[in-house]
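Asks: need a structure here:
(2 chains)
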Amino acid sequence: MNWNRPLAAAAAIAVCVSLAVPAFAAAKPTITMSGSTSVAPLASLLAKKYLTVCGHCVNFKLLQGGSDVGISDVAAGRVTIGNASRDPKPSDPGGLVFNKIAHDAVCIVTNSSNPLPGIDEAGVQAIFGGSVRTWSSVPGSSASGTIDAFVRTPASGTQDAFQKIFLSSTKVFTGASQKASNGLVQQSVKSDPNGIGYVSLAFTGGLHTVPYKGVACTLRNAKSGQYGGQRNLYMVTRGPAQGAAKAWLKWITTSSAAAAVINTEWVSLH
Amino acid sequence: MKTRGLKLAQQRDRTDQRAELLLGALASAVLLLIAFMIVFVFAKAWPSFAHNGLAWFGPGGNVNVQLEEIFASPGDPAAYNYTLHAWPLLYATALITGCAVALATIVSMLSAMFVVEFAPAWIASVLQPVIRLLAAVPSVIYGLIGILVLVPFFGNHVISSDQKESVQFVIQLDGSSILVGILVLTVMITPIMVAITVDALRSVPRNWTEGAAALGVNRFRALRTVGLRAARPAIVAAAILATARALGEAIMLSMVAGSVAFAPNPLDGVTFFFEPAKTFASSIVDGAEGLSVEPFGQTMYAFAAVLLISSAFLSFAGWYARRAMRKYTLAPR
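Replies: Okay, the predicted model is just below:
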């Protein structure tokens, strides 16, 4: 999530600084991570918490670069953990273990003056694929006129997730307005009565979130697994995690402290 | 005593030499840096140009789709996808920059004439610092005002639903448009042009315009025919500076001009101005997230290379225009 990058960067720097000070304890194991920019803010928050909990028992190094970078890095052994915000693909290198750490919900949003009662997969594909361009042909819509679809730039991870979860093989309407961040999509839909877009759950303030396949996009529904529009966040290891990385992944997936960190903006698995 | 005096002189010489060496080193470091930057950008950009040839600059296909495919290239370097026909970006960059600079030139000449000749002293003394302040406002602030005020206003009140429907399957008119981009960009670059033009008009010798006035010409005409002519090299310099700023403007245009690669069609009439577009600079900003994907990053460097060439060409054109216009000024030939 781009909006969080300054925060993530600050956190990463904080992590680095907090590690540089007790650097003389050379025997400490180091966990290096690279990859998804969507996972990075979560990873750095978790790392900070983990350090205070376990008494600075490890060193962390967190890099970004995108899910694919993380996966190829970990496959080549350049990092301990590759962060990924997409599911495993058949073309991924063999021998990787995708450790699921959290869920992230992607919500379809409209202007609050147009409280669309619901939408199904075909509806999403028609609207974002560009085959339906007027609100009058969308059942349940109270808006009139053309649909203003707001999407993300192709390089965005959220765009990637949206494509896979909601659109499958349908291509995004090339005339749709491309925005560089969740926040800009939120702002655009907020100020446009004919707007529709998709954002991460944390960015739905001031907007109408459209129930997808009859399930409202809320943290609770995402947590119960009923809401279909969610993606998984992973920490990928080469083979099963070992040593310090194993303890760290175990802490993320089992401890209540980690769950509290995750549940601020994401959905924990336990 | 004598030897001591000599020593002091020698020391002074050495200090001078040291300063000379240091300053010279700094100057050459800047040159080296520029040379290194150009080489670096072009080396990075080369695969994108090499794969497309001259078609890189031509039209064909949809740039949004092409960028998406470049981004989705497979991991194998031999199978990298580079196909790009960047005409819509080139066209949008030229269109938005050209229109904004043309508008700003007219507005700035008129306001500079007002400040220099017609404004009461107290207004002029307030206007000048305000103009200089405006010239220093960061562009992202203009972008925020554009996206919070102008874009919704145009989208909801100015663009009619008939206009939206007329092009609905081609492009979406939601308010972010070349018109808003040009307007905000004009507001951004006008202050610096006014400031330069005011200084230039002030430096025109008083007796030149007085001579014109003595021939019975009114104040406006004297200023227009004598003052503005004499100030032409400065106006050109101001326009060049403004063009450079407009060319490089990324964040603001990415926010208000739609950020979707599209070549607005003049045949659409008024709707033309409501169509979105994407410039090279804003493409780089929008694509920053994908830089780690090698072919995508190289494509971004190709955009940067085009911008570098344009600005180099711009400074050359400016130098040439100023040289050609030297005959209108008091500057030594």
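
Asks: where does chain A dip in pLDDT?
Replies: Low-confidence segments of chain A (pLDDT under 70): A:1-26, A:65, A:89-91, A:155-157.

Asks: wait, doesn't B:S254 sit right on B:S282?
Replies: Yes - contact criterion C-beta atoms under 8 Å: B:S254 and B:S282 qualify, at 3.6 Å. In short, each C-beta sits where N, CA and C put it, glycine included.

Asks: quick one: the strands in the stretch 101-250 of chain B, in order.
Replies: Here the stretch 101-250 of chain B has no strands by DSSP state E, counting those that start in this stretch.

Asks: who in it is up against chain A?
Replies: B:147-148, B:151-152, B:155-156, B:161, B:164-165, B:168-176 (C-beta under 8 Å from any C-beta of the partner chain).

Asks: and with 6 Å instead?
Replies: Contact residues, the stretch 101-250 of chain B versus chain A (C-beta under 6 Å from any C-beta of the partner chain): B:152, B:155, B:161, B:164-165, B:168, B:170-172, B:174.

Asks: just the buried subset of these, please.
Replies: B:152, B:155, B:164, B:168, B:171-172, B:174 (16 or more other C-beta atoms under 10 Å in any protein chain shown).

Asks: picking that back up, which two of the residues of the stretch 101-250 of chain B next to chain A lie the greatest distance from each other?
Replies: Among these, the pair separated by the greatest distance (C-beta to C-beta) is B:P152 and B:V170, at 22.3 Å.

Asks: and A:I108, what does it touch?
Replies: A:198, A:210 (C-beta atoms under 6 Å, 6 or more residues apart in numbering or on different chains).

Asks: partners of the helix or strand containing it, with directions?
Replies: Per DSSP states H and E: A:I108 is located in strand A:96-110. Counting by DSSP bridges, the strands paired with strand A:96-110 are strand A:195-200 (antiparallel), strand A:208-210 (antiparallel), strand A:230-238 (antiparallel), strand A:267-268 (antiparallel).

Asks: beyond the second one, next helix or strand please.
Replies: Moving toward the C-terminus from strand A:208-210, the first helix or strand encountered (DSSP H and E) is helix A:219-224.

Asks: which residues touch that following helix?
Replies: Outside helix A:219-224, the residues that reach it (C-beta under 6 Å, 6+ apart) are A:103, A:105, A:215, A:227, A:230, A:267.

Asks: can you do 10 Å?
Replies: Identification of contacts with helix A:219-224 by C-beta atoms under 10 Å, 6 or more residues apart in numbering or on different chains yields A:103-107, A:201-202, A:211-212, A:215-216, A:218, A:226-230, A:263, A:265-269.

Asks: in PyMOL, how would I select the buried members of the residues you listed?
Replies: Buried members of the contacts of helix A:219-224 can be picked out in PyMOL with the line below, counting by 16+ other C-beta under 10 Å:
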select buried, chain A and resi 103+104+105+106+107+201+202+211+212+215+218+227+228+229+230+265+266+267+268+269
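
Asks: in helices, which of the buried ones among the residues of the stretch 101-250 of chain B next to chain A appear?
Replies: B:152, B:164 (DSSP state H).

Asks: turn the buried ones among the residues of the stretch 101-250 of chain B next to chain A into CSV, columns for pLDDT.
Replies: What follows is those, written out as CSV (pLDDT from 0 to 100):
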residue, pLDDT
B:P152, 92
B:G155, 89
B:K164, 87
B:Q168, 85
B:I171, 88
B:Q172, 88
B:D174, 88
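
Asks: of the buried ones among the residues of the stretch 101-250 of chain B next to chain A, closest to A:D160?
Replies: B:Q172 (21.6 Å).

Asks: how near is that closest one to A:A247?
Replies: Distance, B:Q172 to A:A247, using C-beta to C-beta, to the nearest Å: 50 Å.

Asks: ditto for B:T299
Replies: For B:T299, the distance to A:A247 - C-beta to C-beta - is 42 Å.

Asks: higher neighbour count, these two?
Replies: B:T299 (32 against 17; other C-beta atoms under 10 Å in any protein chain shown).

Asks: does A:S112 count as helix, strand or coil?
Replies: Secondary structure, DSSP: H, G, I helix; E, B strand; the rest coil: A:S112 is coil.

Asks: check contacts around it.
Replies: A:189-190, A:193, A:206-209.

Asks: ok, which pair from those is furthest apart?
Replies: Every pair of the contacts of A:S112 checked by C-beta to C-beta; the farthest is A:P193 and A:T209, at 16.3 Å.

Asks: who in the stretch 151-270 of chain A is up against chain B?
Replies: A:151-157, A:159-160, A:163, A:171-181, A:184, A:187-195 (C-beta under 10 Å from any C-beta of the partner chain).

Asks: so which of those are in strands?
Replies: In strands, defined here by DSSP state E, the members of these are A:151-152, A:177-179, A:195.

Asks: neighbour count for those - can I get that in TSV?
Replies: Below are these laid out as TSV (neighbours: other C-beta atoms under 10 Å in any protein chain shown):
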residue	neighbour count
A:V151	24
A:R152	28
A:S177	27
A:Q178	26
A:K179	29
A:G195	27
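
Asks: and B:S254, what element?
Replies: Here B:S254 is assigned to helix B:251-256, by DSSP H and E.

Asks: restricting to C-alpha, output stretch B:111-120 in CSV.
Replies: Provided in CSV are the C-alpha atoms of stretch B:111-120 (Å, rounded to 0.1, in the frame of the first residue of the first chain):
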residue,chain,number,x,y,z
SER,B,111,0.4,42.0,-16.1
ALA,B,112,4.1,43.1,-16.4
MET,B,113,3.0,46.2,-18.4
PHE,B,114,0.4,47.0,-15.8
VAL,B,115,2.9,46.7,-12.9
VAL,B,116,5.5,48.8,-14.6
GLU,B,117,3.5,51.5,-16.2
PHE,B,118,-0.1,51.7,-15.0
ALA,B,119,-0.3,50.4,-11.5
PRO,B,120,-0.4,53.0,-8.7
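
Asks: in it, what counts as buried?
Replies: Across stretch B:111-120, burial judged by 16+ other C-beta under 10 Å covers B:111-117, B:119.

Asks: would you mind splitting chain A into its domains for me?
Replies: A:2-102+A:232-268, A:105-224 (automatic domain parsing).

Asks: for B:A324, find the nearest of those domains.
Replies: Of all those, domain A:105-224 comes closest under C-beta to C-beta, at 42.1 Å.

Asks: and that closest one, how far apart are its ends?
Replies: Chord length of domain A:105-224, first to last residue, is 12 Å (C-alpha to C-alpha, to the nearest Å).

Asks: what segments of chain A are helices?
Replies: Under DSSP H, chain A gives helices at A:5-20, A:40-54, A:67-75, A:121-129, A:157-162, A:182-190, A:219-224, A:243-254, A:256-262.

Asks: next, the buried residues of the third one.
Replies: Neighbour-count burial for helix A:67-75, counted by 16+ other C-beta under 10 Å, picks out A:67-75.

Asks: show me which of those residues is closest to chain B.
Replies: A:V69 (5.0 Å; C-beta to the nearest C-beta).

Asks: list the contacts of the closest one.
Replies: Listed by C-beta under 10 Å, 6+ apart, the contact partners of A:V69 are A:34-37, A:63, A:78-79, A:82-84, B:292-293.

Asks: pick the one among the residues you listed closest to A:G145.
Replies: Using C-beta to C-beta, A:T37 is the member of those that lies nearest A:G145, at 35.3 Å.

Asks: okay, the closest one and chain B: tell me how far apart.
Replies: As judged by C-beta to the nearest C-beta, to the nearest Å, A:T37 and chain B stand 7 Å apart.
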